[in-house]
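In: Here you go, sequence then predicted model.
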Amino acid sequence: MILQRLFLSAKASMAVRFLLGLLVAAGLLAGTATWNWSMTADAFGQISQGKITVLHDATLVTGPDAGSLLESAASSVTLPHRIEDHNASFAHYQLELKVADRPSGTSRMALCVPRWSSNANVWINGQNLLSQAQERLDVRGITRPAFVPLPVDLGPGVHQLDIRLRTLMGTFPGLSEVWVGPHNVLAHQCGLLQDVQVGIRLGGLMLMAFITFVSFFVFASQRDALSLGFAMVGVSWCLQNAVTLGWLGTHGESSWITWFMVTRPLPGIAGFFVGLRLLNVQSRSLYWGLLGLIVLAYAVLTWLPVADWQTWLVSIGLFLAPANLVLGFSLMWHAAAKSRFLSDYAFALTLFFGVWANSLDLARAKSLVPYSVLSMTYWIAPLLALAIGLLVIERLVRYLRYKKEAAVQLQRELADQRVVLATTNHALSQQREKLLLSEERQRLVSDMHDGLGSQLVSASALLKSGHRQDALALEVSGLIDHALLDLRSMLDVFSNNKNADTQGSQDTVSVLLGMLRHRLAPVFRSQDITFDWQSEALPHDFLEGDRERLQLLRLLQEAFSNIIKHAKAHSIALRSHVSDSVIVFEVSDDGQGIEASQATSGKPPGHGLTSMADRAARIGAQLLIESNAQGTCVRLIFQR
């Protein structure tokens, strides 16, 4: 937990995280290398020190076939020994086995060989102890220790031990130390060593097979390229180890070497591609170029003679080793600087460890480091499993975090939708109220038109058609006509909303002015007054309320009524002007003017002008009246 917090701390700099990752990698590699160097056959045999004798000295004869061994010169070697001659297909080791006097009742003797080449044949004093056919390879014997019981009647003295082996390219052919001791002790020690070796290999294979299965399952469900990369690493690793362990059946020498050469570089190649994916490298041209190089390399292998295949494999390793090292450093810097994912650190360690383990195997083959009964390459599987496990955990954490953030976002969206629904519901409620109000208004308009309007029309017609035509009757008739005009203007305003959808692009106030003109035209004709009407199109949002529209109509109606009653005019004009700053209505006549009309009537100014000023103030307009002997002009100015 402390290391995790240190790696993930936001306060730690990128360089510190990078150096910490390198220190962990260096410590892991140094520790495993030290442990591996200590696992020599000699050191393992010292567990039963005093009871087990370890043979180191031998003479060696090599040749291209078993018959040529008798004619070849012998050379002294020290075990463990690796055969460097690639032309030698067979090797014959001779060792001296010294058996001391044994007390009566002592169990029989036995041999344990931690590692040797395939198809081993063993003799002691010319007596065959182990025989394997030479026609078919037995590669299983390469990967596990061999236990060989000695004859029961083997007496004290010096005995000649002969071991004949087949050598295989790529398997580090040769012979390890040979343990000699009591049958029961060696059976236990050799079995223990076999359990360790086989257990590590089988455990690694099972773990890698599980990784492969999970990776393929994730790829099949998510089509994730990184999962496919891990699956290919697992498949190539399992295939290569199945070839090494001889699980693909019995093979001839050429077919087994072919399988071994083809599968040996595959885990490193697949791991390189996985590292590129972890670095988020998206260049398709790079991937196709690398794939082309791989195909070219395997094409070269088919053209080379078998004797040069080992050189080809070493060349591939010399290319993959620095490439994976550079990729590991890049991935660790990426983890320190950008992603901060522990899985990136773990996979970088896996790359370092893979290069280190294969380098140790090569150095051991060249006798640069001590021989070990265990190969470090099998420890790649748990490191890779650690990287994949961390990657799965990190993706799960990111998924849960995404789910949490998505839930919060969903709650926000639901809250916003509630607000929108509440607003929409409020708007619908208001619309419903408007519809109900409109229906009620239309009912009232219809009632007033059919009731009060009809009665006023009848009363006016009765007064005009009667025998009494005195001044009082005429005045009452005029008042009725004025009331009827006012009623019709009010009905026009109230009923306008009903026809709003059928008016097209024409604004509502212009429609109402047109109705007013239609109502006034008969009145002006009856008074022999010419009427000039020039109105510009008004904005659609001009005087949106019914009250404001009614006030405008009544103001204009009052202006026309004053002209008819007092001005003695012969012509009347209405003009409207619309600009970016103002909207102006202008009513003018050619009558005698306000002062002359007051002098003629002998009455003070009535409340008509005051009423007009009040109406103008209610609708936010400015009322200007200009009057002289040539006529009167009333201007109503609206600021925009």
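Out: Now that the structure is in, tell me what you want to look at.

In: Run through the strands of the stretch 51-200 of the chain in chain order.
Out: Assigned by DSSP state E, counting those that start in this stretch, the strands in the stretch 51-200 of the chain fall at 53-55, 57-63, 75-78, 81-82, 90-99, 109-113, 118-124, 127-130, 146-149, 157-166, 174-175, 178-182.

In: Pairing partners for the fifth one, with directions?
Out: If I follow you right, that is strand 90-99. Applying DSSP bridges, strand 90-99 is found paired with strand 57-63 (antiparallel), strand 157-166 (antiparallel).

In: which other residues reach it?
Out: With Cβ atoms under 8 Å, 6 or more residues apart in numbering as the test, strand 90-99 has contacts from 53, 55, 57-66, 68-69, 74, 77, 81, 83, 109, 117, 124, 154-167, 173-175, 178, 180. The way it works is simple: take the backbone N, C-alpha and C, and place the C-beta from them, glycine included.

In: name the helices or strands packed onto the host helix or strand of residue 632?
Out: Following DSSP states H and E, one finds residue 632 within strand 631-639. Under the contact criterion of 3 or more Cβ pairs under 8 Å, 6 or more residues apart in numbering; DSSP states H and E, strand 631-639 touches helix 546-562, strand 582-589, helix 593-601, strand 621-628.

In: who wins for proximity to residue 312 among these?
Out: Proximity to residue 312, assessed across those by Cβ to Cβ, is greatest for strand 582-589 (94.5 Å).

In: what lines up beside that closest one in the sheet?
Out: Here, using DSSP bridges, strand 582-589 pairs with strand 571-578 (antiparallel), strand 631-639 (antiparallel).

In: Output these in JSON lines, with mean neighbour count, mean pLDDT and distance to residue 614 appended to each entry.
Out: Compiled in JSON lines, these are given as follows (neighbours: other Cβ atoms under 10 Å; pLDDT from 0 to 100; distance: least, Cβ to Cβ, whole Å):
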{"stretch": "strand 571-578", "mean neighbour count": "17", "mean pLDDT": "92", "distance to residue 614": "21"}
{"stretch": "strand 631-639", "mean neighbour count": "19", "mean pLDDT": "92", "distance to residue 614": "13"}
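
In: To residue 429, which of those lies closest?
Out: It's strand 631-639; of the strands paired with strand 582-589, that one is closest to residue 429 (Cβ to Cβ) at 32.3 Å.

In: Convert the closest one to PDB, retaining C-alpha atoms only.
Out: C-alpha atoms of strand 631-639 as PDB (Å, rounded to 0.1, in the frame of the first residue of the first chain):
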ATOM      1  CA  GLY A 631     -55.700  72.700 -39.600                       C
ATOM      2  CA  THR A 632     -54.700  70.400 -36.800                       C
ATOM      3  CA  CYS A 633     -52.000  67.600 -36.600                       C
ATOM      4  CA  VAL A 634     -52.000  65.000 -33.900                       C
ATOM      5  CA  ARG A 635     -48.800  62.900 -33.600                       C
ATOM      6  CA  LEU A 636     -48.400  59.800 -31.500                       C
ATOM      7  CA  ILE A 637     -44.800  58.800 -31.100                       C
ATOM      8  CA  PHE A 638     -43.600  55.400 -29.900                       C
ATOM      9  CA  GLN A 639     -39.900  55.000 -29.000                       C
END
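
In: And for that strand, what's in contact with it?
Out: Around strand 631-639, the neighbours that count as contacts under Cβ under 8 Å, 6+ apart are 542, 552, 555-556, 559, 563, 567, 569, 581-591, 593-594, 612, 616, 619-627.

In: buried subset of the residues you listed?
Out: The neighbour-count test (16 or more other Cβ atoms under 10 Å) marks 542, 552, 555-556, 559, 563, 567, 569, 583-591, 593-594, 612, 616, 619, 621, 623, 627 as buried among the contacts of strand 631-639.
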